[in-house]
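Enquirer: Make a model of this:
(one chain, ligands or ions: 2)
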Amino acid sequence: MSDCIFCKIVAGEIPAAKVYEDQEVLAFLDITQVTPGHTLVIPKKHFRNLLDLDGQTSTAIFSKIPLIANQLKDKLGANGINLLNNSEEAAGQTVFHTHFHLLPRFDDQDGLAITFATNQPDFDELGRLSQLLQIGE
Ligand code: 5GP
Ligand code: ZN
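Expert: Residues are numbered from 1 along each chain as shown. Ligands and ions are numbered 1, 2, ... in the order given. Prediction:
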């Protein structure tokens, strides 16, 4: 994709601060460091987002994410890691080349809050959704 900024990074046409690279996967620091060490893990091949990703590329990426996450944690002294993917505009995607954010976390000192509201579970609704969403083998 000639107009894709991440394809340009893969091709070496624009610079990036690389953390990991192999034949299929590239990881580099996000220019906006939401937390110190904020890293993007991408497939070298262009896919729009997670919804578009094929099995071989998914395997290549997810087999490397723990390695990269542990490197960030160990070298930066992080206390934890968030893995985040935004797919489509409704989910906040702004660069339309699949990428996974790895966000090192530093106890309560990094200013980032990712919270899930807690409410009373509706078990009837959970049952209905689970029926709807069944995927057979
Ligand atoms: P999204 O919102 O699509 O999940 O995330 C896109 C991310 O790409 C943003 O966090 C943004 O800071 C990052 N980004 C955009 N352009 C560049 C770039 O040219 N180089 C790097 N390293 N990161 C970029
Ligand atoms: Zn691309």
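
Enquirer: what is the rounded mean pLDDT of stretch 36-47?
Expert: When pLDDT is averaged over stretch 36-47, the result is 98.

Enquirer: That one: how far from the chain's middle?
Expert: Relative to the chain's own centre, stretch 36-47 is displaced by 7 Å; criterion: C-alpha atoms, centre = their mean, to the nearest Å.

Enquirer: Now do it: everything it contacts.
Expert: For stretch 36-47, the surrounding residues in contact (C-beta atoms under 8 Å, 6 or more residues apart in numbering) are 1, 4, 6-7, 10, 19-20, 23-30, 32, 53-54, 57, 60-61, 64-65, 68, 72, 75-76, 78, 97-104, 106, 110. Every residue, glycine included, has its C-beta placed from N, CA and C.

Enquirer: Please report how far the residue nearest to Thr57 when sequence neighbours are not counted lies from Asp52.
Expert: If the residues on either side of it in the chain are set aside, Thr57 comes closest to Pro43, at 4.6 Å by C-beta to C-beta, 6 or more residues apart in numbering. As for Pro43, its distance to Asp52 is 10 Å (criterion: C-beta to C-beta, to the nearest Å).

Enquirer: swap in Gln33?
Expert: 27 Å.

Enquirer: what do Pro43 and Asp52 both touch?
Expert: With C-beta under 8 Å, 6+ apart, Pro43 and Asp52 have common neighbours Thr98.

Enquirer: Tell me the pLDDT of the residue of the chain positioned farthest from its centre.
Expert: Distance from the C-alpha centroid of the chain, by C-alpha atoms, centre = their mean, peaks at Asp124 (32.2 Å). For Asp124, the model assigns a pLDDT of 96.

Enquirer: Is it correct that it falls within a helix?
Expert: Yes: counting by DSSP: H, G, I helix; E, B strand; the rest coil, Asp124 falls inside a helix.

Enquirer: For stretch 113-122, which outside residues touch it?
Expert: Residues from elsewhere that reach stretch 113-122, judged by C-beta under 8 Å, 6+ apart: 82, 84.

Enquirer: Let me see the mean pLDDT of stretch 86-103.
Expert: The average pLDDT for stretch 86-103 rounds to 98.

Enquirer: Alright, I will stop here.
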